[in-house]
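J.: Make a model of this:
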Amino acid sequence: MRAAVLTEFGAPLTVREVPDPEPVGGEVLVEVLATCVLPYAAEVFGGVRNYPLVPPVVPGLGGVGRVVRTGPDATRLRAGDLVWCDPTVRSRDDALTPDIALQGWSSRGDGGAALARHLHDGSFAELMRVPTENVFPLPSAAGDDPARWAALAVHAVPYGGLTAGELRPGETVLVSGATGNFGSSAVAVGLAMGAGRVVVPGRNRDALALLVDRFGPRVRPVTLTGEEAADRAAMSAAADGPIDMVIDLLPPSAPSSAARAAAMTVREYGRVVLMGGVGMLGGDDLALPYPWIMRNSITVRGQWMAPRTANVGLIRLLASGALDLAPERVRSFPLDAVVDAVTHAAAHTGPFDRTALTPRTG
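T.: Residues are numbered from 1 along each chain as shown. Now for the predicted structure:
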């Protein structure tokens, strides 16, 4: 098969012939129709983000594909099925605290590294082997535009966070980092899940206006100044009532003060979910005040990616139209143009800008 290979950090991806993956028991072989190229992919491949990938490696974070072959443990999947491949791989020998790896992308700790050695390669290839439990059937409509549906890789992140934070219909949620690729997705997903109001802080006025134009008065924009106390007051005022939940999706380049200002707008007994990259490349700690957390009975939790069951819920939202992919701006590239795809993704990081790689077109 053909695949895009990262031979070393800082070197461009090269497309070459590599051996077909050989699935073992508990795995499925999938033909990759489309995969999302994330806006920060160039930072990963350049070594800027210090991801624990081990070159040479075929990168790529999940994708839309068709089943080629299943193992003996698959009871419902069949060859030819259109599927979503969830990149979040979990170890099977510890149900309480499983190790986690993002296939073809990242991992956590020694156990995650061991998983990454086994499921080393991702979706920038014509074929990919995936754990059986990470393969989810898609509606037939996804086959009409698999590149658009590859945005599941983005939407799954905030869906996992909003689900972990137990977002309830009618609640007000504040999305910290709302003008970015993942943050704008959180706005769309939150509204699809029934949020009554979404507060969207940011510095980019054009991006804020785009969110308001797309979703209407349920979205409350706030232009940030960088002054923590003033920004906190402005975000609270924009909510016009209590903020039930804050989800943070700020990138590593953002200061911890921005995340803290957003988090501290949440009401008494409110929930804060941390999913972003603040502090991952250095900088100050988040430093939320102990007395504020304790006296206001605040729940603060981290959430890396989403549980397996979240894939089913998210696919249902998309299939029903509650979460609409139609307005998203999608640019697709064939496998041979992978370098151009990575460059394009880095230059198009705004709300609902998607870059897709299409290794197979059938």
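J.: can you map out the helices along the stretch 1-150 of the chain?
T.: Counting by DSSP state H, counting those that start in this stretch, the stretch 1-150 of the chain has helices at residues 41-45, 109-118, 146-149.
J.: Of those, flag the one that's most buried.
T.: helix 146-149 (a mean of 23; mean count of other Cβ atoms under 10 Å). The C-beta positions use only the backbone N, C-alpha and C, and glycine is treated the same way.
J.: Ok, which of the helices of the stretch 1-150 of the chain comes nearest residue 129?
T.: Closest to residue 129 of the helices of the stretch 1-150 of the chain is helix 109-118 (Cβ to Cβ; 9.9 Å).
J.: which outside residues touch the closest one?
T.: By Cβ atoms under 8 Å, 6 or more residues apart in numbering, the residues outside helix 109-118 that reach it are 52, 53, 54, 89, 90, 91, 99, 100, 101, 103, 106, 107.
J.: mind redoing it with 10 Å?
T.: By Cβ atoms under 10 Å, 6 or more residues apart in numbering, the residues outside helix 109-118 that reach it are 24, 27, 52-54, 57, 89-94, 97-108, 129, 131.
J.: For that helix, give the mean pLDDT please.
T.: Per-residue pLDDT over helix 109-118 has a mean of 95.
J.: For residue 340, find the nearest of the helices of the stretch 1-150 of the chain.
T.: Here helix 41-45 is closest among these (Cβ to Cβ), at 11.6 Å.
J.: Just the CA trace of the closest one, in CSV.
T.: The C-alpha coordinates for helix 41-45 follow below in CSV (Å, rounded to 0.1, in the frame of the first residue of the first chain):
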residue,chain,number,x,y,z
ALA,A,41,-0.1,18.9,12.4
ALA,A,42,2.9,20.9,11.2
GLU,A,43,3.9,21.6,14.8
VAL,A,44,3.6,17.9,15.6
PHE,A,45,5.7,16.8,12.6
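J.: In strands only, show me the contacts of helix 109-118.
T.: Secondary structure defined by DSSP state E assigns 27, 89, 90, 100, 101, 102, 106, 107, 129, 131 of those to strands.
J.: between those residues, which is closest to residue 250?
T.: residue 106 (17.9 Å).
J.: Would you agree residue 186 is in contact with residue 173?
T.: Yes: taking contacts as Cβ atoms under 10 Å, residue 186 lies within contact range of residue 173: 8.1 Å.
J.: Could you name every residue contacting both of those two?
T.: 158, 162, 195, 198, 200, 247, 273.
J.: measure the last one to residue 240 for me?
T.: When distance is defined by Cβ to Cβ, to the nearest Å, residue 273 is 22 Å away from residue 240.
J.: Of the two, give the one with the bigger neighbour count.
T.: residue 273 (28 against 10; other Cβ atoms under 10 Å).
J.: who's in contact with that one?
T.: 158, 160-167, 173, 176, 186, 245-249, 263, 299-303.
J.: Could you tell me which of those belong to helices?
T.: Counted as lying in helices by DSSP state H, out of the contacts of residue 273, are 158, 160, 161, 162, 163, 164, 186, 263.
J.: Just put the residues you listed in a markdown table and tack on pLDDT and neighbour count.
T.: A markdown table is the format used below for the ones in helices among the contacts of residue 273 (pLDDT from 0 to 100; neighbours: other Cβ atoms under 10 Å):
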| residue | pLDDT | neighbour count |
| --- | --- | --- |
| 158 | 97 | 29 |
| 160 | 97 | 24 |
| 161 | 97 | 30 |
| 162 | 98 | 26 |
| 163 | 97 | 19 |
| 164 | 96 | 19 |
| 186 | 98 | 31 |
| 263 | 98 | 24 |
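J.: for those residues, which one is nearest residue 135?
T.: residue 160 (17.8 Å).
J.: The closest one contacts residue 311, correct?
T.: Yes: the criterion here is Cβ under 10 Å, and residue 160 meets it with residue 311 at 9.4 Å.
J.: list the residues that contact both of these two?
T.: Common neighbours of residue 160 and residue 311 (criterion: Cβ under 10 Å, 6+ apart): residue 88.
J.: my guess is residue 226 meets residue 203, correct?
T.: Yes: counting by Cβ under 10 Å, residue 203 is a contact partner of residue 226 at 7.9 Å.
J.: Overlap in contacts, the two.
T.: Joint contacts of residue 226 and residue 203 (Cβ under 10 Å, 6+ apart) are residue 258.
J.: Grab the nearest non-local neighbour of residue 234.
T.: residue 222 (5.1 Å; Cβ to Cβ, 6 or more residues apart in numbering).
J.: show me the contacts for that neighbour.
T.: 174, 178, 199-202, 208, 231, 233-239, 262, 265.
J.: swap in residue 309?
T.: Counted by Cβ under 10 Å, 6+ apart, residue 309 has contacts 160, 163.
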